[in-house]
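Chemist: Task: produce atomic coordinates for the following.
(one chain, ligands or ions: 1)
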Amino acid sequence: MTKVAVVTGGTRGIGKAISKELKNDGYLVVAIYHGNEEAAQKFRDETGCSAIKLDVTDFAKCQAVIEKIESDFGNIGVLVNNAGVTRDGVLHKMSEESWDYVLQTNLTSCFNMCRAIILKMRERKFGRIVNISSINGQKGQFGQVNYSAAKAGMIGFTKALALESAAKNVTVNVVCPGYIETDMTAAISKEVLNSIIRQIPEMRMGKPDEIAAIVSFLASDKAAFVTGATISANGGQYMV
Ligand code: NDP
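Modeler: Down below sits the predicted model:
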């Protein structure tokens, strides 16, 4: 039976590394992207995997795309909620639009995607859901009230859904990366990045592959007894 894995934000950065790793593990991977057609085409060319355009903030469209993936490719066994965005600013200057955009894309997207697949996983008595949160959801970050709240929300979401799903052999876990070399962190100024790196005991940023390896484990049969777990990968920057 083909094992299908869906990775949101799966054509760039951490998501792309996750898609490639799951493909290596034998999954038929379907990556979701939002609007960067160039990155999506490059991903298709490089990996031979499908990439589908979907705004994960749209509840009805998430339902429709999950249905279509199942009818076109087969049963989804793995869902990785990786799509994420930042729109930084201190709270006293933050617009309602910035708040909504970050909450919707990082957190409501998990509800939308999980809600679309969870009944099927429960009925089939198998599922692996991995949510990609952040170190900044664990410790808070100056200028990121919206992002820290959304990422902390993902941790609570994961634990609650793990409790609801455990008896149905559906595991739900969350990975909290520290600072990883992707387009997202390329947008941070060199000066700020250097000051961040000085706070990381390993004295370097992480690589997308280092997050993908954790997702690969959580999606595997070896991780059947791991659920509701929060796994940090941050070079020692924040220990919980
Ligand atoms: P990137 O900015 O490199 O990629 C973000 C991905 O999310 C893109 O594929 C993008 O699609 C997709 N995306 C954004 N909005 C939507 C949407 N509305 N619907 C569907 N897809 C969307 O991010 P990273 O690889 O750096 O980060 C991946 C995840 O890891 C995020 O959740 C991020 O918060 C988290 N993270 C990242 C860290 C880092 O240091 N990089 C640290 C901790 C956590 P498109 O390509 O079409 O724009």
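
Chemist: Could you give the bridge partners of the residue nearest to residue 227 when sequence neighbours are not counted?
Modeler: Closest residue to residue 227 apart from its sequence neighbours, by Cβ to Cβ, 6 or more residues apart in numbering: residue 171 at 4.0 Å. All C-beta spots, glycine's among them, are computed from the backbone N, C-alpha and C. Beta-bridge pairing for residue 171 (DSSP bridges): residue 128.

Chemist: What is the neighbour count of residue 171?
Modeler: Using other Cβ atoms under 10 Å, residue 171 has 24 neighbouring residues.

Chemist: The residue of the chain most remote from its centre and the ligand, how far apart?
Modeler: What lies farthest from the middle of the chain is residue 92; by Cα atoms, centre = their mean that is 28.5 Å. Distance, residue 92 to the ligand, by Cβ to the nearest ligand atom, to the nearest Å: 23 Å.

Chemist: which SS state does that residue fall under?
Modeler: Recorded secondary structure, residue 92: helix (DSSP: H, G, I helix; E, B strand; the rest coil).

Chemist: Tell me which residue lies nearest the centroid of the protein.
Modeler: By Cα atoms, centre = their mean, the chain has its centre lying nearest to residue 82, at 1.8 Å.

Chemist: secondary structure element for the closest residue to residue 141 other than its chain neighbours?
Modeler: Excluding the flanking residues, the one nearest residue 141 by Cβ to Cβ, 6+ apart is residue 148, at 5.4 Å. Per DSSP states H and E, residue 148 falls inside helix 145-165.

Chemist: Touching, residue 168 and residue 120? I think so.
Modeler: No: using Cβ atoms under 8 Å, residue 168 is not in contact with residue 120, being 10.8 Å away.

Chemist: that older thread, show me what the helix holding residue 148 is packed up against.
Modeler: Helices and strands touching helix 145-165, as assessed by 3 or more Cβ pairs under 8 Å, 6 or more residues apart in numbering; DSSP states H and E, comprise helix 96-103, helix 109-124, strand 127-132, helix 135-139, strand 170-177.

Chemist: make it 7 Å
Modeler: Contact partners of helix 145-165 among helices and strands, from 3 or more Cβ pairs under 7 Å, 6 or more residues apart in numbering; DSSP states H and E: helix 96-103, helix 109-124, helix 135-139, strand 170-177.

Chemist: Who are the contact partners of residue 4?
Modeler: Residue 4 sits next to 27, 28, 30, 69, 73, 74, 75, 76, 77 when contact means Cβ atoms under 7 Å, 6 or more residues apart in numbering.

Chemist: Counting neighbours, what do you get for the second one?
Modeler: By the measure other Cβ under 10 Å, the count of residues near residue 28 is 18.
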